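Asks: I'd like to go over a predicted model; first the sequence, then the structure.
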Amino acid sequence: MPENPEEKLLILQLSEDSRKIARILSNETSIRILKLLDRKSMSAADIADELEVRLNTLKYNLDSLLEAGLIRVRQVKWSRKGREIKVYETVGKMIVLLSGERSSDMSLLLTILRQHSMKNSEGTAALEFSGVYCEPGI
(Lines give C-alpha, C1' and ligand atoms only; values in the text may rest on other atoms or scores of the structure.)
Protein backbone atom coordinates (compact mmCIF):
# COMPACT_ATOMS: atom_id res chain seq x y z
CA MET A 1 0.00 0.00 0.00
CA PRO A 2 1.14 3.59 -0.57
CA GLU A 3 2.90 5.44 2.24
CA ASN A 4 0.71 8.55 2.03
CA PRO A 5 -2.93 8.13 3.07
CA GLU A 6 -4.10 10.44 0.27
CA GLU A 7 -2.71 7.93 -2.23
CA LYS A 8 -4.74 5.01 -0.85
CA LEU A 9 -8.13 5.99 -2.19
CA LEU A 10 -9.10 8.09 -5.19
CA ILE A 11 -12.74 9.11 -5.39
CA LEU A 12 -13.84 10.59 -8.71
CA GLN A 13 -17.16 11.82 -9.98
CA LEU A 14 -17.88 11.16 -13.62
CA SER A 15 -15.66 13.69 -15.38
CA GLU A 16 -12.89 13.88 -17.94
CA ASP A 17 -10.41 12.57 -15.34
CA SER A 18 -12.59 9.58 -14.52
CA ARG A 19 -13.08 8.87 -18.24
CA LYS A 20 -9.29 8.86 -18.71
CA ILE A 21 -8.86 6.33 -15.91
CA ALA A 22 -11.71 4.21 -17.26
CA ARG A 23 -10.07 4.28 -20.71
CA ILE A 24 -6.75 3.18 -19.23
CA LEU A 25 -8.39 0.37 -17.24
CA SER A 26 -10.28 -0.83 -20.32
CA ASN A 27 -6.98 -1.26 -22.19
CA GLU A 28 -5.86 -4.89 -22.06
CA THR A 29 -2.16 -4.02 -22.13
CA SER A 30 -2.53 -1.61 -19.21
CA ILE A 31 -4.34 -4.26 -17.16
CA ARG A 32 -1.64 -6.82 -17.96
CA ILE A 33 1.02 -4.32 -16.88
CA LEU A 34 -0.79 -3.62 -13.60
CA LYS A 35 -1.18 -7.33 -12.85
CA LEU A 36 2.49 -7.97 -13.59
CA LEU A 37 3.71 -5.02 -11.51
CA ASP A 38 1.44 -6.08 -8.67
CA ARG A 39 3.57 -9.22 -8.38
CA LYS A 40 6.98 -7.54 -8.66
CA SER A 41 8.71 -4.31 -9.66
CA MET A 42 10.17 -4.37 -13.17
CA SER A 43 11.89 -2.26 -15.81
CA ALA A 44 10.18 -1.41 -19.11
CA ALA A 45 12.39 -3.87 -21.01
CA ASP A 46 11.55 -6.67 -18.57
CA ILE A 47 7.84 -5.88 -18.79
CA ALA A 48 7.97 -5.84 -22.60
CA ASP A 49 9.75 -9.23 -22.63
CA GLU A 50 7.35 -10.76 -20.13
CA LEU A 51 4.21 -9.51 -21.89
CA GLU A 52 5.63 -9.92 -25.38
CA VAL A 53 4.71 -6.38 -26.44
CA ARG A 54 6.71 -3.85 -28.42
CA LEU A 55 8.58 -1.22 -26.39
CA ASN A 56 6.74 1.70 -28.05
CA THR A 57 3.36 0.13 -27.15
CA LEU A 58 4.59 -0.48 -23.62
CA LYS A 59 5.94 3.07 -23.30
CA TYR A 60 2.55 4.52 -24.29
CA ASN A 61 0.78 2.41 -21.64
CA LEU A 62 3.39 3.11 -18.95
CA ASP A 63 3.09 6.86 -19.59
CA SER A 64 -0.71 6.65 -19.29
CA LEU A 65 -0.51 4.63 -16.07
CA LEU A 66 2.06 7.06 -14.62
CA GLU A 67 -0.05 10.09 -15.55
CA ALA A 68 -3.11 8.51 -13.92
CA GLY A 69 -1.09 7.79 -10.77
CA LEU A 70 -1.68 4.03 -10.95
CA ILE A 71 2.04 3.18 -11.10
CA ARG A 72 5.21 4.98 -10.07
CA VAL A 73 8.94 4.76 -10.61
CA ARG A 74 10.30 2.80 -7.67
CA GLN A 75 13.95 3.36 -8.46
CA VAL A 76 16.32 4.38 -11.22
CA LYS A 77 19.25 2.14 -12.07
CA TRP A 78 22.00 2.60 -14.61
CA SER A 79 22.96 0.13 -17.32
CA ARG A 80 26.56 -0.81 -18.14
CA LYS A 81 26.34 1.61 -21.05
CA GLY A 82 25.32 4.44 -18.71
CA ARG A 83 21.65 4.46 -19.69
CA GLU A 84 18.92 5.23 -17.18
CA ILE A 85 16.68 2.26 -16.35
CA LYS A 86 13.46 3.00 -14.48
CA VAL A 87 11.95 0.28 -12.32
CA TYR A 88 8.15 0.54 -12.01
CA GLU A 89 5.71 -0.59 -9.31
CA THR A 90 1.99 -0.25 -8.64
CA VAL A 91 0.77 2.24 -6.05
CA GLY A 92 -1.94 0.05 -4.49
CA LYS A 93 -4.65 2.61 -5.03
CA MET A 94 -8.38 1.97 -4.69
CA ILE A 95 -10.47 3.87 -7.21
CA VAL A 96 -14.13 4.68 -6.66
CA LEU A 97 -16.24 6.35 -9.35
CA LEU A 98 -19.36 8.18 -8.21
CA SER A 99 -22.12 8.74 -10.72
CA GLY A 100 -23.94 11.39 -8.69
CA GLU A 101 -23.05 14.72 -7.18
CA ARG A 102 -24.98 14.26 -3.95
CA SER A 103 -23.03 14.42 -0.71
CA SER A 104 -25.13 11.47 0.52
CA ASP A 105 -23.20 9.33 -2.00
CA MET A 106 -19.98 10.29 -0.25
CA SER A 107 -21.41 9.61 3.22
CA LEU A 108 -22.66 6.20 2.14
CA LEU A 109 -19.32 5.38 0.55
CA LEU A 110 -17.37 6.32 3.68
CA THR A 111 -19.76 4.29 5.86
CA ILE A 112 -19.27 1.23 3.67
CA LEU A 113 -15.49 1.69 3.66
CA ARG A 114 -15.41 2.02 7.44
CA GLN A 115 -17.40 -1.20 7.81
CA HIS A 116 -15.07 -3.06 5.47
CA SER A 117 -11.81 -1.24 6.21
CA MET A 118 -8.59 -2.93 5.29
CA LYS A 119 -6.47 -4.33 8.11
CA ASN A 120 -2.73 -3.97 8.34
CA SER A 121 -0.39 -6.56 9.86
CA GLU A 122 -1.19 -5.41 13.43
CA GLY A 123 -4.91 -5.89 12.79
CA THR A 124 -5.73 -2.18 13.01
CA ALA A 125 -7.48 -0.17 10.33
CA ALA A 126 -4.98 0.68 7.59
CA LEU A 127 -7.22 3.05 5.65
CA GLU A 128 -7.12 6.55 7.13
CA PHE A 129 -10.30 8.31 6.13
CA SER A 130 -8.91 11.72 7.01
CA GLY A 131 -6.45 11.17 4.17
CA VAL A 132 -8.97 10.26 1.47
CA TYR A 133 -8.37 12.24 -1.69
CA CYS A 134 -11.48 13.39 -3.49
CA GLU A 135 -11.67 15.16 -6.80
CA PRO A 136 -12.42 18.88 -6.28
CA GLY A 137 -16.14 19.48 -6.12
CA ILE A 138 -17.07 16.29 -4.25
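Replies: Looks like it arrived, so ask away.
Asks: packing partners for the helix or strand hosting residue 73?
Replies: Assignment of secondary structure by DSSP states H and E places residue 73 within strand 71-78. For strand 71-78, the packing partners by 3 or more Cβ pairs under 8 Å, 6 or more residues apart in numbering; DSSP states H and E come out as helix 28-39, helix 55-68, strand 84-90. Just so you know, the C-beta spots here come from the backbone N, C-alpha and C atoms, and that holds for glycine as well.
Asks: so which of these comes closest to residue 76?
Replies: Nearest to residue 76 among the helices and strands packed on strand 71-78 is strand 84-90; the distance by Cβ to Cβ comes to 5.6 Å.
Asks: What lies in contact with the closest one?
Replies: Strand 84-90 is touched from outside by 34, 37-38, 41-45, 47, 62, 70-79, with contacts defined as Cβ atoms under 8 Å, 6 or more residues apart in numbering.
Asks: May I see the ChimeraX selection of the buried members of those residues?
Replies: In ChimeraX, the members of the contacts of strand 84-90 classed as buried (16 or more other Cβ atoms under 10 Å) are selected with the following command:
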select :34,37,41,42,43,44,47,62,70,71,72
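Asks: Lowest mean pLDDT among the helices and strands of this structure, which one is it?
Replies: The element with the least model confidence among the helices and strands of the chain, by mean pLDDT, DSSP states H and E, is strand 133-134, at a mean of 44.
Asks: Help me confirm that residue 41 comes into contact with residue 73.
Replies: No: Residue 41 is not in contact with residue 73 according to Cβ atoms under 8 Å; the separation is 9.6 Å.
Asks: re the thing from before, so what strands line up beside the strand holding residue 73?
Replies: With DSSP bridges as the test, strand 71-78 is paired with strand 84-90 (antiparallel).
Asks: quick one: strands adjacent to whichever helix or strand comes after the partner strand?
Replies: Stepping forward along the backbone from strand 84-90, the first helix or strand reached (DSSP H and E) is strand 94-98. Sheet pairing of strand 94-98 (DSSP bridges) gives strand 9-13 (parallel).
Asks: List the buried residues in the helix or strand that the strand it pairs with is followed by.
Replies: Heading C-terminal from strand 9-13, the first helix or strand you meet, by DSSP H and E, is helix 16-25. Counting neighbours by 16+ other Cβ under 10 Å, one finds that the buried residues in helix 16-25 are 18, 21, 24.
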